[in-house]
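Visitor: Predicted model, plus sequence, below.
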Amino acid sequence: MTRKNLTLLAVAAIAALALLGLALPRWLLFLCTMAASHGIVSVGILLIMRGGLVSFGQGMVFAIGGYAVALSVTHLGISDVVVLMLIGTIAATIAGAAVGPLIARYSGIFFGMLTLALSMVLYGILIKSTAMGGSDGFNIPRGTLLGMRLEGGTGDYILYVLTIVSTGLASLAVAIHTRSARGLVTQAVLGNSLRVEYLGVSVQSVMAMNFTLAAALGGLGGALTVLALGHIEPTFSYWTQSGEFVFVAILAGAQSVVAVFVASLALELVRSFSNLYFPNTWQMALGLFLLAIILFLPAGIGSLWSRRAGGKSPEPKISASEREAAR
Amino acid sequence: MNTAPTTPVLSARGLAKSFGAVVAAADVTIEVPAGQRLCLIGSNGAGKTTFVNIVTGYLRPDAGAIELDGQSIVGLAPRTIAHRGICRSFQIPQLCIELTALENMLVALAAAGQKLSFWNSAAAGGNEARAHELLQRFGLEAMAYRPVSEMPGGMRKLLDIAMALARKPRLLFLDEPTSGISAEEKFPAMDRVMEAIAGDAATIVFVEHDMDIVRGYADRVIAFYSGRVISDGTPDHVLTDSEVRRYVTGGTA
């Protein structure tokens, strides 16, 4: 798909989802807002996973984005949701740019454990900090847009549209990035990092940049979540939250950015309904759901439509006789 | 054949490298003039690949100096050395097997560019045409859209060399370019490689075990034994050297 077609498709999808929001009940609107704002964090994990690493600590940048928004409201008196969203994204990007080059020196499980450790260090700091609400966190009032306070059903809808537009555009940027020269080199890092170094590219800087981009997405997700929830607490940085982001990325598979949002919405729905009907065993329902996906869609939800797209490839698989002739 | 010695492109002096008690390089001094086709020979473990690994930055020497066009490259990372103009292919092709041959070439060409674009495709800026041209030169055009995992070993070898050529290096190292290729295919394969390389990399250092290939394609031969250079000169001179016959060729020359 060309970049122009991709952009047109993304704009059409964003517009369609924004219109669809008008028909959704408030509880589902909120669920979709949460799914999109959490999903964009998992898109960041996919960006890192394309280079062969997994971050188990995206909760850290999610919390940084969230706390930056909440503190800007309470300490700086900023209430505009667009400005707050940018503040959350920029704060997490700065944190990602500072940490990225250090942790990109590690690979495999060491990278994953280091990200997890950093997120838990932040959790430990937040839980002890009374200035930031300690373990209970704190509430913030609903934000404003162009001076209008976002309250009631209209406020929910505007926040939903803001989330759909910002995460949609961020996803479009990620989709373009994955098709760029840097995106292809990231794939090559996964395939053969030694060769990439010998070709003249620093694998460490590629992965540090991917981590920084993922941090920006994590910060955006944290900011949007806090704006919708009106509450922030240290569990944003807790390992279970980071695990949930990885869970969604695995559920989605590496083929598609759209699949991440589908997976994120599926997670929110399964969690909500199982919480409603089996309040004491909802985690078991979640586990069974993941097992079912692994069994029936081992390459993730995205493989449902990327498999079909693969079938349309103009290049047939090479036959044994062709291979022999080539030899 | 390019025989006229000029200013050395590469100058390695007194290189030493040990792995515990194993001496992989001992006082290795080699100068490679521009335009030369230098062949490194020696039995397994003699120190040929260690020399290549030291010069290309994979290993840091315990002692010694290495200069490329008069500038020291000791201690630099492989990527920095690639930027300076030394590229290499590998004994076992180092490719991204999930990507197609064309995508592998595009990775090499994108890496050879000024900086990696976040926005533009790796195929932009004439890279796609150049990738196809390089694949064509190596006889790989028909395989352009095939994943490397579906390519036969000989073709992977050629793709590995084509990728090393993307930067138009000052000095190109080929580690056993004909290994894994059947005896009757070796000369045609080497002809194709030398023809494809000509123009983009005038100075070549290659590691080889087949003495017929050595005689046919090298201007100069250096024989290694136990981490040391035991003979250096024209193919005729080195391959008839008594020490080389004893330790390297086993009296076959």
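Guide: Now that the structure is in, tell me what you want to look at.
Visitor: Could you check how many residues crowd around the residue in the stretch 151-300 of chain A positioned nearest to chain B?
Guide: Across the stretch 151-300 of chain A, the shortest distance to chain B (C-beta to the nearest C-beta) belongs to residue A:191, at 2.9 Å. Placement of C-beta: from N, CA and C, glycine included. Residue A:191 has 20 neighbours, counted by other C-beta atoms under 10 Å in any protein chain shown.
Visitor: Now do the same for residue B:189: helix, strand or coil?
Guide: Here residue B:189 is recorded as helix under DSSP: H, G, I helix; E, B strand; the rest coil.
Visitor: In this model residue B:147 seems to touch residue B:99, though I could be wrong.
Guide: Yes - Residue B:99 is within contact range of residue B:147, at 6.8 Å (criterion: C-beta atoms under 8 Å).
Visitor: all helices of the stretch 51-200 of chain B, in order?
Guide: B:78-84, B:101-112, B:127-137, B:153-164, B:183-197 (DSSP state H, counting those that start in this stretch).
Visitor: Rebuild those as a markdown table, extending it with distance to residue A:26.
Guide: Shown next, in a markdown table, are the helices of the stretch 51-200 of chain B (distance: least, C-beta to C-beta, whole Å):
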| stretch | distance to residue A:26 |
| --- | --- |
| helix B:78-84 | 54 |
| helix B:101-112 | 47 |
| helix B:127-137 | 50 |
| helix B:153-164 | 56 |
| helix B:183-197 | 66 |
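Visitor: what about residue B:99 and residue B:147, which has more around it?
Guide: For residue B:99 and residue B:147, the more surrounded residue by other C-beta under 10 Å is residue B:99, and the numbers stand at 21 against 18.
Visitor: pLDDT score for the more buried one?
Guide: pLDDT for residue B:99: 95.
Visitor: so who does residue B:51 touch?
Guide: Going by C-beta atoms under 8 Å, 6 or more residues apart in numbering or on different chains, residue B:51 touches B:12, B:15, B:25, B:28, B:30, B:40, B:224.
Visitor: Columns pLDDT on top of those residues, output as CSV?
Guide: Listed next are those as CSV, based on pLDDT from 0 to 100:
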residue, pLDDT
B:12, 96
B:15, 96
B:25, 94
B:28, 95
B:30, 96
B:40, 96
B:224, 95
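Visitor: Now, those that are in strands?
Guide: Residues of the contacts of residue B:51 located in strands (DSSP state E): B:12, B:15, B:25, B:28, B:30, B:40, B:224.
Visitor: show me which of those residues neighbour chain A.
Guide: Checked against chain A using C-beta under 8 Å from any C-beta of the partner chain, those give no members in range.
Visitor: ok, which stretches of chain A are helices?
Guide: Per DSSP state H, chain A carries helices over the ranges A:3-20, A:26-49, A:58-76, A:81-103, A:108-128, A:152-178, A:181-198, A:203-229, A:239-252, A:257-277, A:282-296, A:303-311, A:320-326.
Visitor: Out of those helices, flag the one nearest residue B:115.
Guide: helix A:181-198 (9.0 Å; C-beta to C-beta).
Visitor: Please name every helix or strand in contact with the closest one.
Guide: Here helix A:181-198 touches helix A:203-229, helix B:78-84, helix B:101-112, going by 3 or more C-beta pairs under 8 Å, 6 or more residues apart in numbering or on different chains; DSSP states H and E.
Visitor: Can I get these in CSV including mean neighbour count and distance to residue B:219?
Guide: CSV is the format used below for the helices and strands packed on helix A:181-198 (neighbours: other C-beta atoms under 10 Å in any protein chain shown; distance: least, C-beta to C-beta, whole Å):
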stretch, mean neighbour count, distance to residue B:219
helix A:203-229, 27, 36
helix B:78-84, 20, 23
helix B:101-112, 27, 27
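Visitor: okay, those in TSV with distance to residue B:188 next?
Guide: Putting the helices and strands packed on helix A:181-198 into TSV (distance: least, C-beta to C-beta, whole Å) gives the following:
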stretch	distance to residue B:188
helix A:203-229	36
helix B:78-84	29
helix B:101-112	20
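Visitor: so which of those comes closest to residue B:211?
Guide: Once the helices and strands packed on helix A:181-198 are compared by C-beta to C-beta, helix B:78-84 is nearest, at 29.9 Å.
Visitor: Show me what that closest one is packed up against.
Guide: helix A:181-198.
Visitor: Return the angle between stretch directions for the helix it packs on and helix A:203-229.
Guide: If you take axes from the mean of the first three to the mean of the last three C-alpha atoms, to 10 degrees, helix A:181-198 sits at 150 degrees to helix A:203-229.
Visitor: Return the set of buried residues in helix A:181-198.
Guide: A:181-193, A:195-198 (16 or more other C-beta atoms under 10 Å in any protein chain shown).
Visitor: mind checking how far residue A:295 is from residue A:120?
Guide: According to C-beta to C-beta, to the nearest Å, residue A:295 and residue A:120 sit 32 Å apart.
Visitor: Look at the two and report which has more neighbours.
Guide: Counted by other C-beta under 10 Å, residue A:295 and residue A:120 do not tie: residue A:120 has more neighbours, with 18 against 8.
Visitor: Please list all residues in contact with that one.
Guide: A:57, A:237, A:238, A:239.
Visitor: Give me the phi and psi for the third one.
Guide: With angles defined as degrees, to the nearest 10, residue A:238 sits at phi -70, psi 160.
Visitor: From residue A:218, how far off is the spatially closest residue to it that is not a sequence neighbour?
Guide: Spatial nearest neighbour of residue A:238, chain neighbours left out: residue A:123 (5.3 Å); criterion: C-beta to C-beta, 6 or more residues apart in numbering or on different chains. Distance, residue A:123 to residue A:218, by C-beta to C-beta: 15 Å.
Visitor: go on, residue A:89?
Guide: 9 Å.
Visitor: hey, what's in contact with both of the two?
Guide: Here residue A:89 and residue A:218 have residue A:65 as joint contacts, going by C-beta under 8 Å, 6+ apart.
Visitor: OK, contacts around residue A:204?
Guide: The neighbours of residue A:204, taking C-beta under 8 Å, 6+ apart as the test, are A:101, A:104, A:105.
Visitor: Kindly provide the distance from the residue nearest to the last one when sequence neighbours are not counted to residue A:106.
Guide: So the one you mean is residue A:105. Among residues not flanking residue A:105 along the chain, residue A:204 sits closest, at 5.8 Å (C-beta to C-beta, 6+ apart). Separation of residue A:204 from residue A:106 (C-beta to C-beta) stands at 9 Å.
Visitor: Just give the nearest non-adjacent residue to residue A:293, would you?
Guide: residue A:251 (5.6 Å).
Visitor: Could you check how many residues crowd around the one you found?
Guide: Using other C-beta under 10 Å, residue A:251 has 23 other residues around it.
Visitor: Show the contacting residues for it.
Guide: A:263, A:266, A:267, A:290, A:293, A:300, A:301.
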